[in-house]
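> this is the structure alone, sequence omitted:
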Ligand SMILES: Cc1cc2nc3c(=O)[nH]c(=O)nc-3n(C[C@H](O)[C@H](O)[C@H](O)COP(=O)(O)O)c2cc1C
């Protein structure tokens, strides 16, 4: 990565009970490790300045718990608030990615990731996949593997419904940290490519 490129990454997350928020902090750690600057925003409490941060970011990483087999109502309320931005193409060609967390091991959470990716596509954003092989899928694997639940579209995590926010599975924390790092690296590559194209 060019020493002059510090991607601005915003994490837009909803979390009813703190589990997804814990994962959002892991994503933020990955962004910082990748050399990016990060803002972690809770979508149910966005200030005008937070909306400016979202509009100014190079990459947006969306995080939601899986509720009723989809994104939470809190996240969807945020998505619907972006309608004008969608029509005006304000987020066009930003990088996007997503993560979700459910109570059941599967919990139908791929549907939430699909919703996040469609949301990004409606904004004409570039969706970045998780970029990890599936873990815990052979005799030598374990629940401690990176990407232990075997997702491709984004990061999928599982937290017991009676767990505290600080009891999110360490493998899921590392998987989300990976996502933040990957998004930052890809964003830096895109920014470098744009700069090179503009200079040519
Ligand atoms: C209204 C509601 C609906 C839920 N629906 C699902 C679901 O469809 N699948 C699942 O596995 N867990 C479901 N859960 C459990 C949550 O996904 C789980 O508790 C998650 O860790 C909550 O994350 P949060 O603390 O960030 O809100 C649901 C929880 C609530 C409150």
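Great, that's in hand. This is a predicted model, so every value here is computed, not measured.
> how about the residues of this protein near the ligand?
The chain comes close to the ligand at residues 15-20, 65-69, 101-104, 107-108, 159, 161, as judged by CB under 6 Å from any ligand atom. No exception for glycine: its C-beta is placed from N, CA and C like everyone else's.
> mark which of those residues are buried, thanks.
Among the residues of the chain next to the ligand, the ones that count as buried by 16 or more other CB atoms under 10 Å are 15, 18-20, 65-67, 101-103, 107, 159.
> report the two of the residues you listed separated the most.
For these, the maximum inter-member distance is 17.2 Å, found between 18 and 107 (CB to CB).
> what's the closest non-adjacent residue to residue 116?
Spatial nearest neighbour of residue 116, excluding adjacent residues (CB to CB, 6 or more residues apart in numbering): residue 98 at 3.5 Å.
> check which helix or strand covers that neighbour.
Secondary structure assignment for residue 98, by DSSP states H and E: strand 95-102.
> in its sheet, what does that strand sit against?
Next to strand 95-102 in the sheet, as set by DSSP bridges, lie strand 59-67 (parallel), strand 126-127 (parallel), strand 155-158 (parallel).
> taking the mean pLDDT, what do you get for stretch 21-41?
Stretch 21-41 shows a mean pLDDT of 98.
> pLDDT below threshold where in this protein?
For the chain, the stretches flagged by pLDDT under 70 are 1-4.
> returning to what we had before: what's the neighbour count on the residue nearest to residue 116?
For residue 98, the neighbour count with other CB atoms under 10 Å is 32.
> residue 165: which of the strands paired with strand 95-102 is closest?
Short answer: strand 59-67, nearest of those by CB to CB, at 11.6 Å.
> how far away is residue 71 from the ligand?
10 Å (CB to the nearest ligand atom, to the nearest Å).
> and residue 50, by the same measure?
Distance from residue 50 to the ligand, by CB to the nearest ligand atom: 19 Å.
> in what helix or strand does that residue lie?
helix 48-56.
> just to revisit the earlier point, OK, contacts around the residue nearest to residue 116?
61-64, 113, 116-117, 120, 153-155 (CB atoms under 8 Å, 6 or more residues apart in numbering).
> ok, 7 Å please
61-63, 113, 116-117, 154 (CB atoms under 7 Å, 6 or more residues apart in numbering).
> next: residue 60.
By CB under 7 Å, 6+ apart, residue 60 lies in contact with 10, 12, 54, 91, 94, 96.
> need phi/psi at the residue lying closest to the third one once chain neighbours are set aside.
Spatial nearest neighbour of residue 54, chain neighbours left out: residue 10 (5.3 Å); criterion: CB to CB, 6+ apart. Residue 10 has phi and psi values of phi -110, psi 130 when expressed as degrees, to the nearest 10.
> point me to the residue of the chain nearest the ligand.
residue 107 (2.1 Å; CB to the nearest ligand atom).
> how close does that residue sit to residue 143?
16 Å (CB to CB, to the nearest Å).
> for residue 108, same thing?
Distance of residue 108 to residue 143, given as CB to CB: 20 Å.
> list the residues that contact residue 113.
98, 100, 153-154, 156.
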